[in-house]
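J.: Sequence first, predicted model second:
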Amino acid sequence: MLVAVRASQGKTTSKLHHINENKLINHAVSGRLAQSHSSLALSRVQARARRVVICINTKLIFQQKPYAERRDYCRQLFLKLTDRQSKPTI
């Protein structure tokens, strides 16, 4: 998806662009761009939230949203999904 969107804008996509997208997902999960998270180290709720964030980020790429806007939105979405699902129901 990233390659197709960038190509439609007349831009090329390098390895660096894919690395940046990976950092965006890491930021959504950890709050830090540089820290990577293995899917194996996440709880079930976090792993599911991570998958949702990846899907939403793909949609945002298609909508040509800027990187910083996508990064912040994905972080807030991850926090919302994990907070809501981790609280016990009374």
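T.: Happy to help now that I have it. Residues are numbered from 1 along each chain as shown.

J.: List the buried residues in the worst-scoring helix or strand of the chain on mean pLDDT.
T.: None of the helices or strands of the chain scores lower by mean pLDDT, DSSP states H and E than helix 2-8, at a mean of 82. For helix 2-8, the neighbour count (16 or more other CB atoms under 10 Å) marks residue 6 as buried. For the C-beta atoms, the positions are set from N, CA and C on the backbone; glycine is no exception.

J.: CA atoms of that helix as CSV?
T.: This file holds the C-alpha atoms of helix 2-8, laid out as CSV (Å, rounded to 0.1, in the frame of the first residue of the first chain):
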residue,chain,number,x,y,z
LEU,A,2,2.8,2.4,0.9
VAL,A,3,4.5,1.8,-2.4
ALA,A,4,1.3,2.3,-4.4
VAL,A,5,0.3,5.5,-2.7
ARG,A,6,3.8,7.0,-3.0
ALA,A,7,3.9,5.9,-6.7
SER,A,8,0.6,7.7,-7.3
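
J.: hmm, who's touching the following helix or strand past it?
T.: Next helix or strand after helix 2-8 toward the C-terminus (DSSP states H and E): helix 15-30. With CB atoms under 8 Å, 6 or more residues apart in numbering as the contact definition, helix 15-30 has outside contacts at 2, 6, 32-37, 42, 46, 50, 53-54, 57, 67, 70-71, 74-75, 77-78.

J.: I appreciate the help and will end here.
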